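In: I'll drop the sequence and a predicted model, then ask my questions.
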Amino acid sequence: MADNSFDVVVETDRQEVDNAINQASKEIAQRYDFKNTKAAIGWSGDQVVINANSEERVDAALDVFKSKLVKRKVSLKALEHDKPKPGGGGLYRLEVSFLNGIPADKAKALVKQIKASKLKVTPAIQGDQLRISSKSKDALQETQALLRNNDQGLPLRFTNYK
């Protein structure tokens, strides 16, 4: 009997993020509380950059962006950002990046957690993802449920189910 398997990955759909940026940008342009704040949101390489003339307006623009991400079913667990920083021209700037790949320490913690559950599965770390294999499809489904409940604060996705 052949082994069944699936991969556990952390990735963000860039197209959905792009759509959320476009929607947030339109809302920011139309809302009265953003008038004359020079608020803007857009890509800068692999990061999303939010600019405005005050920290409060940057935070408000971030909230708009987060609401658009949620509507597009992009997990907010994938977001990483600090506090807004003063930039040039009297503007504040916030750089938002997205997680891609499972960090090594979190991958080890997930493997440890799977092994502690005593399920008959074999977890293996492969670069920045996990491969879980087993002879039993039921054990794989139980492993998915276990990982959904204890995701280590990561937006886990399950792919390549074979």
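Out: Looks like it came in fine. Numbering: from 1, shown residues only.
In: ok, and what's touching stretch 147-160?
Out: 5-12, 75, 77-78, 99, 102, 106, 109-110, 113-114, 144 (C-beta atoms under 8 Å, 6 or more residues apart in numbering). Heads up, the C-betas are built off the backbone N, CA and C, glycines and all.
In: how close does the residue nearest the centre of the chain sit to Gln113?
Out: Geometric centre of the chain, nearest residue: Ala78, 1.8 Å, by C-alpha atoms, centre = their mean. Between Ala78 and Gln113 the distance is 20 Å, computed by C-beta to C-beta, to the nearest Å.
In: over to Thr143?
Out: 10 Å.
In: higher neighbour count, those two?
Out: Neighbours per residue, other C-beta atoms under 10 Å: of Thr143 and Gln113, the larger number sits with Thr143, 24 against 17.
In: can you pull out the low-pLDDT segments for this structure?
Out: Counting by pLDDT under 70, the chain has low-confidence residues at 1-2.
In: and the helices in it?
Out: 14-30, 55-71, 104-116, 137-149 (DSSP state H).
In: most tightly packed of those?
Out: Most buried of the helices of the chain by mean neighbour count (mean count of other C-beta atoms under 10 Å) is helix 55-71; its value is a mean of 18.
In: export that one to PDB, keeping only CA atoms.
Out: This file holds the C-alpha atoms of helix 55-71, laid out as PDB (Å, rounded to 0.1, in the frame of the first residue of the first chain):
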ATOM      1  CA  GLU A  55       0.900  57.900  12.800                       C
ATOM      2  CA  GLU A  56      -2.900  57.800  13.400                       C
ATOM      3  CA  ARG A  57      -3.700  58.000   9.700                       C
ATOM      4  CA  VAL A  58      -1.100  55.300   8.900                       C
ATOM      5  CA  ASP A  59      -2.800  53.100  11.500                       C
ATOM      6  CA  ALA A  60      -6.200  53.900  10.100                       C
ATOM      7  CA  ALA A  61      -5.000  53.000   6.600                       C
ATOM      8  CA  LEU A  62      -3.600  49.800   7.900                       C
ATOM      9  CA  ASP A  63      -7.000  48.900   9.400                       C
ATOM     10  CA  VAL A  64      -8.600  49.500   6.100                       C
ATOM     11  CA  PHE A  65      -6.000  47.300   4.400                       C
ATOM     12  CA  LYS A  66      -6.600  44.600   7.000                       C
ATOM     13  CA  SER A  67     -10.300  44.600   6.500                       C
ATOM     14  CA  LYS A  68      -9.800  44.200   2.700                       C
ATOM     15  CA  LEU A  69      -7.500  41.300   3.300                       C
ATOM     16  CA  VAL A  70     -10.000  39.600   5.500                       C
ATOM     17  CA  LYS A  71     -12.700  40.000   2.900                       C
END
